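1. Quick check, what structure comes out for this input:
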Amino acid sequence: MAAKAPVLESVRAAIVFARASAPRVAGVLGLVMLLNIASDIAGGWAAGMLALVATLLGSLMANAALLRVAFADEHPGDPDFALGPQGFQFGRPELRLLGAIGLLMLFAFIAVLFLLLLAFIFTIALVVAVHGQTALPTATTTLPPDVQAMLSLLILVFALGLLWMAVRICLYPAATIAAQRIQVFSTWKLTEGSWWRIFAAFVLLLLPAIVLAGFLQASQHFPPLQAGFAILSAAVNAFVEIPLFCGLYAYLYKHLRGTSPELVAGQIVGETPSTGVAGPWG
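-> Numbering: from 1, shown residues only. The predicted model follows:
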């Protein structure tokens, strides 16, 4: 039987890790904060895209640095787990994490294409079966209200399905760094039976960001106050949320992995160096 993820213990472990580790990578976290602010104020499509890409790379570097700290005790003397000055570095762990994210983006792209195809087929079937129309709907066709409602329900179900899958594979950053190879769906079995517990931990750790987002939305008619909340939100997202979630991923991966004999044998006991390209599907 799969182990269960303890909610409050997971949150507590994430907080302890964040408090101890964030100061060690404060430099790269500060960069992420500045890049978040730059993304908010960037004008024009090109500047916005450049700021977004820079923010994603900065966040990638911050996550890899924190996960290095989390798993350094399992890899003594390994140069891949030597922390750069204030977390600034880009090596094989970052490349592996980037590869894992790339695979996830490919999966998301395929999923969106599948949703569009499904919505198109579903719309035609509803229009023909319910309303007896033989002409195919086009981009300018106004769909009947009941068809629009069914499409909205289909999109909601699909979104909930993606959320369920995202939680099931959320430990991929910790697995990728700890195992020293790209991991995407290999954590699927680890999270079996723990979806609600992991989701509850997510919500608890996201509370500071959620509260600030509410204040930010409420202050939209007061630009100076909104600017202050935007800066505070960027700081919290960088210095609080990133360390908290890295701590959560590391704790859950270690806790749930500990009950998996094949993972213990392959990644802790007698672990051998990896090429960094094997095993993304588990």
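2. Mind exporting the C-alpha coordinates of stretch 54-63 to CSV?
-> Output of stretch 54-63 as CSV, limited to C-alpha atoms (Å, rounded to 0.1, in the frame of the first residue of the first chain):
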residue,chain,number,x,y,z
ALA,A,54,14.3,35.7,-18.2
THR,A,55,11.9,35.2,-15.3
LEU,A,56,11.4,31.5,-16.2
LEU,A,57,15.2,30.9,-16.4
GLY,A,58,15.8,32.8,-13.1
SER,A,59,13.1,30.7,-11.4
LEU,A,60,14.6,27.5,-12.9
MET,A,61,18.0,28.5,-11.4
ALA,A,62,16.5,29.3,-8.0
ASN,A,63,14.6,26.0,-7.9
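3. What residues of it count as buried?
-> Residues 54-55, 57-63 are the ones in stretch 54-63 that count as buried (16 or more other Cβ atoms under 10 Å). In this view, the C-beta of every residue, glycine as well, is placed from N, C-alpha and C.
4. and if you look at stretch 170-190?
-> Judged by neighbour count using 16+ other Cβ under 10 Å, the buried positions of stretch 170-190 are 170-187, 190.
5. That stretch: end-to-end distance?
-> 10 Å (Cα to Cα, to the nearest Å).
6. average model confidence for that stretch?
-> Average pLDDT, stretch 170-190: 93.
7. Centre of the chain to it, how far?
-> 12 Å (Cα atoms, centre = their mean, to the nearest Å).
8. For the helix or strand that His255 is a member of, output the C-alpha coordinates as PDB.
-> Using DSSP states H and E, His255 falls within helix 242-257. Presented in PDB, the C-alpha positions along helix 242-257 are these (Å, rounded to 0.1, in the frame of the first residue of the first chain):
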ATOM      1  CA  ILE A 242       9.800  29.200  -4.200                       C
ATOM      2  CA  PRO A 243      11.700  28.000  -1.100                       C
ATOM      3  CA  LEU A 244       8.500  26.700   0.500                       C
ATOM      4  CA  PHE A 245       7.500  24.600  -2.500                       C
ATOM      5  CA  CYS A 246      11.100  23.300  -3.000                       C
ATOM      6  CA  GLY A 247      11.000  22.300   0.600                       C
ATOM      7  CA  LEU A 248       7.700  20.600   0.100                       C
ATOM      8  CA  TYR A 249       8.800  18.700  -3.000                       C
ATOM      9  CA  ALA A 250      12.000  17.600  -1.300                       C
ATOM     10  CA  TYR A 251      10.200  16.400   1.800                       C
ATOM     11  CA  LEU A 252       7.400  14.600   0.000                       C
ATOM     12  CA  TYR A 253       9.800  12.900  -2.400                       C
ATOM     13  CA  LYS A 254      12.000  11.700   0.400                       C
ATOM     14  CA  HIS A 255       9.000  10.600   2.500                       C
ATOM     15  CA  LEU A 256       7.100   8.800  -0.300                       C
ATOM     16  CA  ARG A 257      10.300   7.400  -1.900                       C
END
